[in-house]
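**Student:** attaching a predicted model along with its sequence, questions to come.
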Amino acid sequence: MKNNFWQQLNKPIIALAPMAGITDSAFRQICKGEGADLVYSEMISSYGLAHGGKKSFNLCCFKEIERPIIIQIFGRDPKIMGEAALIIEKKFKPDGLDINFGCPARRVVSSGHGAALMDEPELAEKIVRHISKKIKIFLSVKTRLGAKKKTEIFDFAKRMESAGVQAIAIHGRTLKQGFKGEADWQPIYKTAKLIKIPVLGNGDIKNHGEIKEKLKNLAGVLIGRGALGNPFIFNQKEKPDFKEIKKVILKHASLAEEEKKERGLIEMRKHLCWYIRGIPKAKQLRQRLVQIKNIEEIKEILDTAYARCHCEERSDEAIQEMSRLPRPPTAASQ
Ligand SMILES: Cc1cc2nc3c(=O)[nH]c(=O)nc-3n(C[C@H](O)[C@H](O)[C@H](O)COP(=O)(O)O)c2cc1C
């Protein structure tokens, strides 16, 4: 039971990374539709789950179409983490459960959560061991290279493996780095040689072509920011044309509305801005898109933009066509 879902995954695994405030059910469905092999939920508080918090429970909901899905939790109390893990297994039945040992956000780290636990490897190990004994579903961990040093991951990953973790995703930065500098994949490759469980690499993948370059000896990759406004990154295709992007945007918006009503559309505004990156006059479009209140408005704004793009393409073609015409004779040549 524990390994079944992992064995059936497409390999190498190209997964949507967990992103708080972003990888909700609507966005996960969109990424799945564009070819993501695996999706992660946003990080969810173990305290919220153990105390019956509605918000935490809502974050755990997903549609069958999103499978295979991993739900991620954070916390630092082994007992509460164990309770939350059991609730997730029993009530929501995802394919896997992931523990967040990688979040660098100040409010998370200052209370000893997320990546702060890389500085307390004994406690991190205790949490994993406790959860591993409680649940039957697949158990993974997402972490960084270390709290301060890039080499901390070697010992940390071994600890995780021996405590019962079945896969580990590693973001190629330390906690100290936050999101600064470039992700370093070399320690991730080295970790994959040191342990037997699958290792997924993560950090700075910007296009589909880079996936193959980065994979090397890894079981797969996680893509986070590279999928914002570009869920097509999971697909082999080049970024599609505006007409196709528009179709995906409207589908995303209707899923967001279905999932969270008006709030879904308000949250959709940031996605709209990401989707239109690179489109002519994106700045003006953005000003209108951050105010949308319903799907009709999105459609109308995109239709106008599409017509203008088309018009500009046609006038570009006309200019090129004109430049190919024989030049009219000048006064001097006559
Ligand atoms: C807005 C945002 C929210 C994130 N939330 C989470 C989270 O909830 N859990 C987690 O493990 N990582 C989280 N991350 C980290 C990403 O999963 C990923 O490790 C990081 O963005 C590096 O990958 P990328 O360069 O492909 O974006 C978040 C990142 C961003 C940008």
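**Tutor:** Structure received.
**Student:** quickly find the element holding I298.
**Tutor:** Per DSSP states H and E, I298 falls inside helix 295-324.
**Student:** next one: I44
**Tutor:** Here I44 is assigned to strand 38-45, by DSSP H and E.
**Student:** before we move on, what about E267?
**Tutor:** Assigned by DSSP H and E, E267 falls in helix 242-275.
**Student:** swap in K133?
**Tutor:** helix 121-134.
**Student:** list the helices and strands whichever helix or strand comes after that helix packs on?
**Tutor:** The first helix or strand that comes after helix 121-134 along the chain, using DSSP H and E, is strand 138-146. When contacts are defined as 3 or more C-beta pairs under 8 Å, 6 or more residues apart in numbering; DSSP states H and E, strand 138-146 packs onto strand 69-74, strand 96-101, helix 121-134, helix 152-163, strand 167-174. Heads up, the C-betas are built off the backbone N, CA and C, glycines and all.
**Student:** check what pLDDT the residue lying closest to K176 once chain neighbours are set aside gets.
**Tutor:** Excluding the flanking residues, the one nearest K176 by C-beta to C-beta, 6 or more residues apart in numbering is K148, at 5.1 Å. Looking at K148, its pLDDT reads 97.
**Student:** tell me the SS of K148?
**Tutor:** Three-state assignment for K148 (DSSP: H, G, I helix; E, B strand; the rest coil): coil.
**Student:** what residues does the chain have near the ligand?
**Tutor:** 17-22, 42-43, 72, 100, 102-103, 142, 171, 202-205, 223-226 (C-beta under 6 Å from any ligand atom).
**Student:** filter the residues you listed down to the buried ones.
**Tutor:** 17-20, 22, 42-43, 72, 100, 102-103, 142, 171, 202-205, 223-226 (16 or more other C-beta atoms under 10 Å).
**Student:** contacting residues for the residue of the stretch 151-300 of the chain found nearest the ligand?
**Tutor:** Residue nearest to the ligand within the stretch 151-300 of the chain: G224 (2.7 Å; C-beta to the nearest ligand atom). Contacts for G224 (C-beta atoms under 8 Å, 6 or more residues apart in numbering) come out as 16-19, 202.
**Student:** ok, now V141?
**Tutor:** 98-99, 101, 128, 160, 165, 167-169.
**Student:** type out the ChimeraX command that picks the buried ones from the residues you listed.
**Tutor:** Here is the ChimeraX command that picks out the buried ones among the contacts of V141, judged by 16+ other C-beta under 10 Å:
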select :98,99,101,128,160,165,167,168,169
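**Student:** want to throw the helices and strands packed on strand 138-146 into TSV with distance to S110 and mean pLDDT?
**Tutor:** Below are the helices and strands packed on strand 138-146 laid out as TSV (distance: least, C-beta to C-beta, whole Å; pLDDT from 0 to 100):
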stretch	distance to S110	mean pLDDT
strand 69-74	13	98
strand 96-101	15	98
helix 121-134	16	98
helix 152-163	20	98
strand 167-174	17	98
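**Student:** flag the shaky bits of this protein, pLDDT-wise.
**Tutor:** Low-confidence segments of the chain, defined by pLDDT under 70: 1-3, 237, 309-334.
**Student:** how does it divide up, domain by domain?
**Tutor:** 4-234, 242-324 (automatic domain parsing).
**Student:** ranking those domains by burial, who's on top?
**Tutor:** domain 4-234 (a mean of 19; mean count of other C-beta atoms under 10 Å).
**Student:** end to end, how far does that one reach?
**Tutor:** This stretch, domain 4-234, spans 23 Å end to end (C-alpha to C-alpha, to the nearest Å).
**Student:** next one: it to chain centre, how far?
**Tutor:** Distance, stretch centre to chain centre, for domain 4-234: 10 Å (C-alpha atoms, centre = their mean, to the nearest Å).
**Student:** quick check: D95 touching F5?
**Tutor:** Yes - the pair D95 / F5 is scored as a contact, 4.2 Å apart, by C-beta atoms under 8 Å.
**Student:** which neighbours do those two share?
**Tutor:** Shared contacts of D95 and F5, counting by C-beta under 8 Å, 6+ apart, come down to 68, 138.
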